[in-house]
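A.B. asks: Sequence plus predicted model, see below.
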Amino acid sequence: MSRLSLLLFVAVTACGAPAKPIQTAPLPEDKPATPTPVADKPKEETPPEPPKPIGPVEATLPASKVTVKLVAPGKGKRAPLRYTSKAGDKQQVEVAMDFAAKQTEAGKPPADQVVPTMILAGEAETKSIDKDGNATYALTVSSTDVREVAGSKPSAQEFKPVFSSITGLVISSSLNTNGAAGDVAMRIEKPTDMSAGALVLVGMTLPQFPVLPAEPVGVGAKWQATSTAKVAGKFDVTQTTDYELVAHQGSTWTIKSKTKVTGADQDVGDGTKVSGIKGSGTTDVTLADGALYPSSKGTLETQFTVSEGAASVQFALKIGGAVTPAKK
């Protein structure tokens, strides 16, 4: 209906579209064989030029400004809650990502778009640690996979060769001791013509690091993190996440969180307006001392209405993510 609605689905439709069939000339009609004079030599055909290699594909996810405030310090012995990996540390990680969208317009049946679960597996390495304990890191993807999801289009079989086009992806960024991340850079050295679309989906669904309080905390501690994000590169939302430390045993911290999404009505240009922004999500996290990536699993749904003149469309955009570090 609108340019914005098309933008929201461009990643899915671009990745899910089948490759164009190879054009072949029709076969000639059967005719009696005609003797070829001995003196005649067949013409040498010029071999087709090999396809030109595609240069590296890159994308950057801008860092979000995050503020954190401690609501309750918790009970019992308090200890600092930090990301504490060391330079040179390596960690095998699997990242699973889900994407689904629903579009509802008056007088029309709802239009759903569901992508198979996307899997990235590889090695994360802490490259450096500064004097304050802040890290730079890189996750190098050595393999990809997809898993079937009920109602997904394209199917896992159709989508697998598309998503495999980002094997070798390198995701790099910086991470403060409290989990505030810098810009996230994504680069594929040897892409295919399908890599850019797959990379858009990764950028939309890549799980974020949980943010931690600056003060030492005990079990039952609660804190709140507020950040801004941009949906589809078009409009801003505010995400307010309430965290609670529910357990601390040895070097393992267990955290649960709930996120609320809000946003003011916005004019995004070309006569298109976005209103009714709201949403919610939950995440469970297990953070181990000395590890870069925590184990986490969560979902986040954002709802909003897109209007052009008297016409409007309601959207529900749902993403899910799970990070599973390999056990040492």
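C.D. replies: Looks like it arrived, so ask away.
A.B. asks: which SS state does residue 198 fall under?
C.D. replies: Going by DSSP: H, G, I helix; E, B strand; the rest coil, the secondary structure assigned to residue 198 is helix.
A.B. asks: Go ahead and confirm it touches residue 166.
C.D. replies: Yes. Under the criterion of C-beta atoms under 8 Å, residue 198 makes contact with residue 166 at 4.9 Å. In this view, the C-beta of every residue, glycine as well, is placed from N, C-alpha and C.
A.B. asks: in the strand or helix carrying residue 268, what's buried?
C.D. replies: Using DSSP states H and E, residue 268 sits within strand 266-269. For strand 266-269, a neighbour-count test (16 or more other C-beta atoms under 10 Å) marks 266, 268 as buried.
A.B. asks: Pull the distance from it to the chain's centre.
C.D. replies: 25 Å (C-alpha atoms, centre = their mean, to the nearest Å).
A.B. asks: Contacts for that strand, please.
C.D. replies: 4, 234-236, 273-275 (C-beta atoms under 8 Å, 6 or more residues apart in numbering).
A.B. asks: of those, buried ones?
C.D. replies: 4, 234-235, 273-274.
A.B. asks: dump the residue contacts of the closest residue to residue 56 other than its chain neighbours.
C.D. replies: Excluding the flanking residues, the one nearest residue 56 by C-beta to C-beta, 6 or more residues apart in numbering is residue 189, at 5.2 Å. Contacts for residue 189 (C-beta under 8 Å, 6+ apart) come out as 56, 168, 170.
A.B. asks: measure residue 263 to residue 279 for me?
C.D. replies: 9 Å (C-beta to C-beta, to the nearest Å).
A.B. asks: what residues are shared contacts of these two?
C.D. replies: Between them, residue 263 and residue 279 share the contacting residues residue 237, judged by C-beta under 8 Å, 6+ apart.
A.B. asks: Now name the helix or strand holding residue 299.
C.D. replies: Counting by DSSP H and E, residue 299 is found in strand 295-308.
A.B. asks: Make TSV out of the contacts of strand 266-269 and add pLDDT, secondary structure and distance to residue 66.
C.D. replies: Converted to TSV, the contacts of strand 266-269 look like this (pLDDT from 0 to 100; DSSP: H, G, I helix; E, B strand; the rest coil; distance: C-beta to C-beta, whole Å):
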residue	pLDDT	secondary structure	distance to residue 66
4	41	helix	26
234	82	coil	21
235	90	strand	19
236	93	strand	14
273	92	strand	28
274	93	strand	23
275	96	strand	26
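A.B. asks: Quick check: neighbours shared by residue 198 and residue 166?
C.D. replies: Taking C-beta under 8 Å, 6+ apart as the contact rule, residue 198 and residue 166 have no neighbour in common.
A.B. asks: from the contacts of residue 189, which ones fall inside strands?
C.D. replies: The strands, defined by DSSP state E, take in residue 170 from the contacts of residue 189.
A.B. asks: Which of the contacts of residue 189 sits closest to residue 72?
C.D. replies: residue 170 (39.6 Å; C-beta to C-beta).
A.B. asks: residue contacts, the closest residue to residue 264 other than its chain neighbours?
C.D. replies: Distance criterion C-beta to C-beta, 6+ apart; nearest residue to residue 264, sequence neighbours excluded, is residue 277 at 7.6 Å. By C-beta under 8 Å, 6+ apart, the contact set of residue 277 is 235, 237, 261-265, 302-304.
A.B. asks: got it, and residue 317?
C.D. replies: Applying C-beta under 8 Å, 6+ apart, we find residue 317 in contact with 8, 100-101, 231, 301-304.
A.B. asks: What strands line up against the helix or strand where residue 227 lies, and which way round?
C.D. replies: Per DSSP H and E, residue 227 falls inside strand 222-231. Sheet pairing of strand 222-231 (DSSP bridges) gives strand 66-72 (antiparallel), strand 235-249 (antiparallel).
A.B. asks: and those strands as CSV, adding distance to residue 311?
C.D. replies: Converted to CSV, the strands paired with strand 222-231 look like this (distance: least, C-beta to C-beta, whole Å):
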stretch, distance to residue 311
strand 66-72, 36
strand 235-249, 18
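A.B. asks: Name the stretch among those that sits most buried.
C.D. replies: Mean neighbour count (mean count of other C-beta atoms under 10 Å) peaks for strand 235-249 among the strands paired with strand 222-231, with a mean of 18.
A.B. asks: helix or strand right after it?
C.D. replies: strand 252-262.
A.B. asks: Only the buried residues of that following strand, if you could.
C.D. replies: The neighbour-count check on strand 252-262 (16+ other C-beta under 10 Å) flags 253-255, 257, 259, 261 as buried.
A.B. asks: Out of these, which is nearest to residue 46?
C.D. replies: Lowest distance from residue 46 to the buried residues of strand 252-262 (C-beta to C-beta) belongs to residue 261, with 58.4 Å.
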